[in-house]
Every structure is written in structure tokens, then in C-alpha cells.
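Visitor: Here is a sequence with its predicted model. Questions after.
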Protein chains: 2
Amino acid sequence: MASANRRTDPVFLVENRDGASDFLIVCEHASNRFPDAFGDLGLSVAVRQAHVAWDPGALGLARALAARLDACLVSATVSRLIQDLNRPPQSESAMPARSEIHDIPGNAGLAPDERLRRTEAIYLPFHAALHAEIARRLARGRPTVMVTIHSFTPVYFGKPRAVEFGIIHDADPALARAVLASARTMTGLDSRLNEPYSAADGVTHMLRLQATPYGLANVMLELRNDLLLTPQDQAAIADRLAPVLRAARAEAPSRAGKPAEASA
Amino acid sequence: MASANRRTDPVFLVENRDGASDFLIVCEHASNRFPDAFGDLGLSVAVRQAHVAWDPGALGLARALAARLDACLVSATVSRLIQDLNRPPQSESAMPARSEIHDIPGNAGLAPDERLRRTEAIYLPFHAALHAEIARRLARGRPTVMVTIHSFTPVYFGKPRAVEFGIIHDADPALARAVLASARTMTGLDSRLNEPYSAADGVTHMLRLQATPYGLANVMLELRNDLLLTPQDQAAIADRLAPVLRAARAEAPSRAGKPAEASA
């Protein structure tokens, strides 16, 4: 457990730190765990297992991709309903009182002290750990490309979604566009840019906080979760996406390491 | 020393944490200290006191501004030549082998392990502490506006600079433009936007890493260091800039707290 290749913490897990790949995979909605310190937020077991609590199948896919690419994987181990690590801590949706069609009683009228407690217990250690993984790689001269793995529900507010594979970018669209092009030629998936969400929906905090400041090539991948129901499904999708990522990476190299320079 | 209003660390100092102001002042080039763990990089006393080692007068100005505004101040306590906190750690200028007209022997041919050691000892704790200050403020619902305080040399590569007050922005120019407008009407300083540097010169890592991901209004202020020679000079400039910042703040409110929203 204390192997340098793995780092465990109450709120995150770093696996395959020694992986040879330039890819760094992040899965911030990996878990629907509700630790005792935060309780179940008054939710039924059904809601705690639903997509509002986590991204079902995303961790399995992320691990399968990390294995195929020999990439480091950083994942969260706490439900997004306690704190969504892909939102700034002041955001209403960081600790939402309502998510899609579900009320979240334990998040209603949250006191500032409780927001602070969760932020200190979850948000800060997770993001500090991820910053550290990135900065250590860069200091050693390792190219780094950030890929975040998410899943989305096939039916949202009662409306079915046709898109199967969403590819979302923030300020730098290069890698996203390359992934889209490769996905369309190399997979049969209904692949679309900036669907079912885009940066305008506030879903790219992770990219803005962890990739953009370092000039890392980056992309957020969203798979429809009915494609990820079983470990076999997840492995099958990983088999299709690993070559897509390799091809896109070859086409859209990381800019990290070559920012413009100046001195005082 | 252990007061909650002050936080000390080997590489940073947080002062007036309880300050009532929305402004959060950062001074990352505050110090020309060369701790024993890193040595003097083979530099003469003269070079260690020159502007390449730090921003002379910037800390005095930052403290005088923090006092006038009742703002929290986060400053670094290690020379920028050991690690420039305003550069990504893979950047050549994060640990420059040459800065303006000076060779930096201790930074020549730096081994990856030494870059990593400095990054772990200096960059990561400084930025984790600043992220924590910001996230804690935001979680508690406190509006936050980031102002970084720098100074620049009046003569650069032998050429005199006329600009006295440089106002630099990154992706969000709103606060910088408001500061420029106020500075031009309220001070007699030769005030210019994106001089003597701009984001294109790679000098806005701090803003990109600490302000942009949270939607904080932000600006980087550069004062010509011959205006900051003595504590009296620094106080006089602070007397002129504090009202400028207050006026600009009123005109360009922080966007923090109101990012767009979405859920899975």
C-alpha cells in the first residue's frame, strides 16, 4: 500500500504513478462513497447509487484506459454530492441542494462553516495532490497530457440523449478536436464536440485549475453510462478509446515546457 | 506567531488573514533570501541584491497597501532565482541560468532531481497555501479580488524605461482596465496597460493558476523600482494606489461565485 507507485488518502487515490505514458488520467466523479464524517445527506440508497452521486462506470473505464496506456490515474473517493471537485468551492453546484430531479436534503441551506469544512477536507487535499503530481512530472521534464474521464446519464430531465461520446474542451481545443477526428474514423460511437455539456455550462473547472496554467494539452471525455454498465463494457470502450487517444496525442502535442519567457 | 491572523512557513508568509477587504494581495518576488538548503547559486552579494534576485521595494509596497486596504497579504520568502513562483516549474525561467545580464551559475545545467527538489520545497507549498487561502474565502462566501505586486528595473538591458506603473492582465482584462483608468485620473504616474511586459511574455502564471480558475477579478501591478527605494517612497505610492484600487474594484466587481452551472 505504501508503494511509491500508489498514493492513498481519505479522499483520493493515485495509481500507477510510475506509468510511462504522457497521459495523466483524472476521474473526479469516480466514487459514490459517503464517508461517516459527512453522512448520507439524507439520501436514499437509490439516489446514492444514481448518476447524480457519481459517474457510474467512469472509474472502471479510467482504470482500463490507464492500464492500456500505462498512465497514472488520479481519482476521487468521495461522492460529488458531498463536494464536486470539478466546481469552484463557492459554486452552488459544488454542494448542490438539487441535482437534476433529486433534492439533496443534506446540502439545503448549507452553512458557510460546513462549506468550509468540506472544502478543507476534500477539495483542498485532492487538488493539492493533483497539482503535486503534475508539478513533479513537469519539474522532471516529463510531457504531460491531461484527460478527465466522466460519464453521463442516457436520460436527463426525462429526455433521451443520442450522443454516446462527448469531447469537451476549455480554452485550448487542440486535443479535443484531434480526439473527435480520431473517434469519428476509428470508433462507431456517436461522437460530438462539447456535448452533452460545454465549458459554458461551468464543467471545466478541473481543466482550468490543473491543465491550462501549465499549458498542458487537455480534454474532458464524457461517455454515456449505458455503455459502461459492466467491467466488460468498460474494457470494450477502453479498447476503442486507447488508440483514439494515442492517435490524437500524436497529432496535438503538449505545449507544456515551452511557454514564453521574460524576467524582471 | 501562531496567531490565526498570521501563517508562517519556510517559504511563504500570510499576514492579516482576518483582513476585512475583498482584496487578496500577493507578492511572489518579495524576498532575496537564499536559504542554506539551496545556497547562494554562486552569486555575488551585489547580484543577490539586484532586481534579478527579487522585486526591490515590492514587499514594502504590498504591506503598505495591505495596511491601507485591510487586506490579506501572501508573500514568498525565497529568491525568485531559486524558484520563480510566477512561472510553471518546467519553464526555463522558473530557475533561470541567465537573468537579464547576469549568469546564474547555480542554475546552469540543472539536474531534473534538483528542479524537482526545489519544486517540492518551494513551488508546491507556496501555491498550495495560496489555493487554500482562496478556497477558504470562497467557501465562506467572501468575494475575493487578486492583486499581485511587482517592481521592475528602470534600466533593462541598458535601456531606460519611461513607464512608471504597469498594469498587466491575463484572460480577463476588466479589473486591469479599471485600474488603468483610475490611475490616469487619480495619480500622476506614467501608467500603461501591459507594459513593461504582458501575458505574451509568460509572466501571468500566478493569475492563471490562482485567479482565473475561480473567476476572480485579478490584476498584476508593476511599479518601477526607483519609485520604491525607501519605506517612505513605498508608503507614498501606497497612498496613491489604495484609492485607485478601491475605485477600480467598485467599477469591476468580482465574478467569483457566479459561474455557470450544470450537472451530470
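Guide: Done, it's in.
Visitor: Check the offset of stretch A:14-22 from the chain's centre.
Guide: Centroid displacement of stretch A:14-22 relative to its chain, using CA atoms, centre = their mean, to the nearest Å, is 16 Å.
Visitor: would you list every one of the helices in the stretch 151-264 of chain A?
Guide: A:174-186, A:205-206, A:231-251 (DSSP state H, counting those that start in this stretch).
Visitor: These: which one's closest to chain B?
Guide: helix A:205-206 (6.3 Å; CB to the nearest CB). C-beta coordinates here come from the backbone N, C-alpha and C atoms, glycine included.
Visitor: interface residues of the stretch 1-150 of chain A facing chain B?
Guide: Within the stretch 1-150 of chain A, the positions adjacent to chain B are A:29, A:51-52, A:55, A:80, A:87-93, A:96, A:99-100, A:112-113, A:115-116, A:118-120, A:123-124, A:127-128, A:131-132, A:135-136, A:138-141, A:150 by CB under 8 Å from any CB of the partner chain.
Visitor: does chain B sit close to stretch A:201-211?
Guide: Yes - using CB under 8 Å from any CB, stretch A:201-211 reaches chain B at A:201-203, A:205, A:208-209.
Visitor: Nearest to residue A:250 among those?
Guide: In terms of CB to CB, no member of the residues of stretch A:201-211 next to chain B lies closer to residue A:250 than residue A:208, at 25.4 Å.
Visitor: contacting residues for the closest one?
Guide: By CB atoms under 8 Å, 6 or more residues apart in numbering or on different chains, the contact set of residue A:208 is A:170-171, B:212-213.
Visitor: The same query, at a cut-off of 6 Å, please.
Guide: Applying CB atoms under 6 Å, 6 or more residues apart in numbering or on different chains, we find residue A:208 in contact with A:170, B:213.
Visitor: That one and residue B:55, how far apart?
Guide: 27 Å (CB to CB, to the nearest Å).
Visitor: again with residue A:209
Guide: For residue A:209, the distance to residue B:55 - CB to CB - is 26 Å.
Visitor: one step back: of the helices of the stretch 151-264 of chain A, flag the one that's most buried.
Guide: Ranked by mean neighbour count, the helices of the stretch 151-264 of chain A are led by helix A:205-206 with a mean of 24 (mean count of other CB atoms under 10 Å in any protein chain shown).
Visitor: Show residues contacting it.
Guide: With CB under 6 Å, 6+ apart, helix A:205-206 has contacts from A:86-88, A:148.
Visitor: Which one of those is nearest to residue B:176?
Guide: residue A:88 (21.3 Å).
Visitor: so the closest one is in which element?
Guide: For residue A:88, there is no helix or strand it lies in under DSSP states H and E.
Visitor: ok so, going back, got the residues of stretch A:201-211 next to chain B as TSV, with distance to residue A:66 and pLDDT columns?
Guide: Below are the residues of stretch A:201-211 next to chain B laid out as TSV (distance: CB to CB, whole Å; pLDDT from 0 to 100):
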residue	distance to residue A:66	pLDDT
A:201	27	93
A:202	27	93
A:203	22	95
A:205	22	98
A:208	23	97
A:209	21	98
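Visitor: Pick out the most distant pair among the residues you listed.
Guide: A:201 and A:209 (16.4 Å).
Visitor: who's more crowded, these two?
Guide: residue A:209 (22 against 16; other CB atoms under 10 Å in any protein chain shown).
Visitor: Touching, that one and residue B:211? I think so.
Guide: No - between residue A:209 and residue B:211 there is no contact under CB atoms under 6 Å: 10.9 Å.
Visitor: Output the below-cut-off pLDDT ranges for chain A.
Guide: A:1-2, A:253-264 (pLDDT under 70).
Visitor: quick one on the thing from earlier: may I see the contacts of helix A:205-206 arranged in CSV, with neighbour count as well?
Guide: CSV is the format used below for these (neighbours: other CB atoms under 10 Å in any protein chain shown):
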residue, neighbour count
A:86, 26
A:87, 24
A:88, 25
A:148, 26
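Visitor: of all the residues you listed, which comes closest to chain B?
Guide: For the contacts of helix A:205-206, the residue nearest chain B by CB to the nearest CB is residue A:88; the value is 4.9 Å.
Visitor: hang on, the earlier thing: so which of the helices of the stretch 151-264 of chain A comes closest to residue B:21?
Guide: With CB to CB as the criterion, residue B:21 lies closest to helix A:205-206 of the helices of the stretch 151-264 of chain A, at 25.3 Å.
Visitor: Please report how far the spatially closest residue to residue A:228 that is not a sequence neighbour lies from residue A:149.
Guide: Spatial nearest neighbour of residue A:228, excluding adjacent residues (CB to CB, 6 or more residues apart in numbering or on different chains): residue A:57 at 2.6 Å. According to CB to CB, residue A:57 and residue A:149 sit 9 Å apart.
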